[in-house]
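Undergrad: everything below, folded, please.
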Amino acid sequence: MTRFLQSVLALAAMLVLLSSIPGNAQAANSRPQVVVLHLDDTIQPISEEYLTRGLTLAETNRASAVLVVLNTPGGLLDSTRSMVGRILASPVPVIVYVAPSGSRAGSAGFFLMEAADIAAMAPGTNAGAAHPVVQGAKLDDIMKQKLENDTTAFLRSYVSRRGRDTNAAQEAVLNSKSYTANEAEQLHLIDLVAPNDRELLDAIDGRTIKRFNGTTVTLHTRNAELFTLDPTLREKLLDRLMDPNLAVLILVLGGLLIYLEFNSPGTIIPGALGTLFLLTALFALNMLPVRYTAVMLLIAAFTLLVLEAKFPSHGVLAATGILALVFGTLTLVEGPIPEMRVHISTAVACGVAFGLITVFLVRIAVRARRNKVITGPQALVGDIAVAQQPLTPRGQVLIHGELWQAESAHPAAPGDQVRVRSVHGLTLLVDRIPENVHTAD
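TA: The predicted structure follows:
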């Protein structure tokens, strides 16, 4: 029994030893991991979702740091505030790197860069021009000052704790000042200038930083394993839909298909596709700053174009509707930066498309009104029949599979072709077609 217990203890000790050796070896040989995120577009709710997912992954993987490679013209202030809050609260140090050369951290991007534990820029980049803009409104001096004060206070609240120059940072907000990489480094707005991500990580390796919560952390980033987190398919699709020009084009295309369904009821497919496009566009526009006066213009435009197709007004309703459509699409999305507004070429293209379709439908409607609808026996006038009996001058003819009594001004033998000249009661008045004239029924 004693020997049995000794054997069990020896086996247990061996298992513990074997299990600990690989773990120690892995710990000794493991490389630090840095999660890499690429923010290469406007700052909006999808950007916030992507950043949040990256920070969560870094925490789960116990990464040494999160590297955000930034290139943005700016974006929505609400999304910016949320993203800044997530960076400040991140348990994993966050590095924001404006790169590659030629990139910028404009407007909202400047706020994100200043929120980072380590702020860096590549040569040939710039950052700043962060004056706040209110969508769809023109502020008086008092409201403008309140907005500026609120935004600068928000920026100061974390820039000073990062040990950076608050005065230079405020200049980017109050006077839309923009800085090159070297200027930002000299003014202590960033920590360093680095030509690429590897040199950046090597340069900050071993640096002890003070986190926003007051704790200190030593960075281990040399020879780090770079784990690039790509956007999901859903994030890619939604990010594309956040382009106001694309969202408006989908909206107008949906309206155009529904417009065709109104004018050709029963085709179903245009109406179904139009509804799908319309819902997709509304989903995208729900995340963008939309002007409701522009929405009313679009509704009015659609109504006028439908009325023009139903009750032609010599182009008055159509012209008014197209003008309303162009102005409505042009002012529909009023973002804080040009990249988040509808381009004039997009608005004009939408107006031209609706205009061409309206002209086409109106021409069809006018032509249909001019052509009188003929029904009954009178519809047979001009058609060709075949004599079934000798027409001398009366007899039977076959026309459209039916036998009719006919009277011919000239005798016709069975099998001869005759053309209906007129209809008198239930008798067709016909003329014999000479044999040398080839006709087709």
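
Undergrad: show me where the protein has its helices.
TA: 2-29, 45-60, 77-89, 108-115, 141-159, 166-174, 181-186, 197-204, 233-241, 244-263, 269-285, 292-310, 316-332, 344-370 (DSSP state H).

Undergrad: ranking the ones you listed by burial, who's on top?
TA: Among those, the stretch with the highest mean neighbour count (mean count of other Cβ atoms under 10 Å) is helix 108-115, at a mean of 27. For glycine as for every other residue, the C-beta is placed from the backbone atoms N, C-alpha and C.

Undergrad: can you list contacts of it?
TA: 39, 43, 68, 70-77, 79-80, 83-84, 87-88, 94, 96, 98, 105, 119, 121, 127-130, 154-155, 158-159, 162, 164, 169, 172, 189-190, 336 (Cβ atoms under 8 Å, 6 or more residues apart in numbering).

Undergrad: go again using 7 Å as the cut-off
TA: With contact meaning Cβ atoms under 7 Å, 6 or more residues apart in numbering, helix 108-115 is reached by 43, 70, 72, 74-75, 77, 80, 83-84, 87-88, 96, 98, 105, 119, 127-128, 130, 155, 158-159, 162, 164, 169, 172, 189.

Undergrad: ok, now stretch 221-235?
TA: Outside stretch 221-235, the residues touching it (Cβ under 7 Å, 6+ apart) are 31-37, 46, 49-50, 54, 57, 64-65, 201-202, 204-205, 239.

Undergrad: 8 Å instead?
TA: Outside stretch 221-235, the residues that touch it by Cβ under 8 Å, 6+ apart are 31-38, 46, 49-50, 53-54, 57, 61, 63-65, 67, 197, 201-202, 204-206, 239.

Undergrad: cool, stretch 160-167 as well?
TA: Residues outside stretch 160-167 that contact it (Cβ under 8 Å, 6+ apart): 114-117, 119, 155-156, 159, 187-190, 210, 212.

Undergrad: chain neighbours aside, what residue packs nearest to residue 333?
TA: Of all residues not flanking residue 333 in the chain, residue 244 sits nearest, at 3.9 Å (Cβ to Cβ, 6 or more residues apart in numbering).

Undergrad: how about the contacts made by that neighbour?
TA: Listed by Cβ under 8 Å, 6+ apart, the contact set of residue 244 reads 288, 332-333, 335, 340-342.

Undergrad: try 7 Å this time
TA: Shown in contact with residue 244 (Cβ under 7 Å, 6+ apart): 288, 333, 335, 340-342.

Undergrad: got the contacts of stretch 160-167 as TSV, with distance to residue 145 and pLDDT columns?
TA: As requested, those are exported to TSV (distance: Cβ to Cβ, whole Å; pLDDT from 0 to 100):
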residue	distance to residue 145	pLDDT
114	22	96
115	24	96
116	29	97
117	32	97
119	28	97
155	16	94
156	16	93
159	20	94
187	25	95
188	27	95
189	24	96
190	29	97
210	33	93
212	28	92
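
Undergrad: which one of the contacts of residue 244 is nearest residue 315?
TA: Minimum distance to residue 315 across these is 25.6 Å, recorded for residue 342 (Cβ to Cβ).

Undergrad: how many neighbours does that closest one have?
TA: By the measure other Cβ atoms under 10 Å, the count of residues near residue 342 is 23.

Undergrad: quick one: it from residue 250, how far?
TA: Computed as Cβ to Cβ, to the nearest Å, the residue 342 to residue 250 distance reads 12 Å.

Undergrad: how about residue 357?
TA: Per Cβ to Cβ, residue 357 is found 17 Å from residue 250.

Undergrad: before we move on, what about residue 329?
TA: From residue 329 to residue 250 the distance is 12 Å (Cβ to Cβ).

Undergrad: ok, residue 96 next?
TA: Taken as Cβ to Cβ, the span from residue 96 to residue 250 is 33 Å.

Undergrad: what does residue 348 give?
TA: From residue 348 to residue 250 the distance is 17 Å (Cβ to Cβ).

Undergrad: can you check residue 277 too?
TA: For residue 277, the distance to residue 250 - Cβ to Cβ - is 5 Å.

Undergrad: residue 340 too?
TA: Distance check for residue 340 against residue 250: by Cβ to Cβ, it reads 16 Å.

Undergrad: again, but for residue 122
TA: Plainly put, residue 122 is 36 Å away from residue 250 if you go by Cβ to Cβ.

Undergrad: picking up where we left off before, could you tell me which of the contacts of residue 244 belong to strands?
TA: Counted as lying in strands by DSSP state E, out of the contacts of residue 244, is not a single one.

Undergrad: let me have these in CSV, adding distance to residue 259 and pLDDT as columns.
TA: Putting the contacts of residue 244 into CSV (distance: Cβ to Cβ, whole Å; pLDDT from 0 to 100) gives the following:
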residue, distance to residue 259, pLDDT
288, 24, 87
333, 22, 89
335, 27, 83
340, 28, 85
341, 25, 88
342, 20, 91
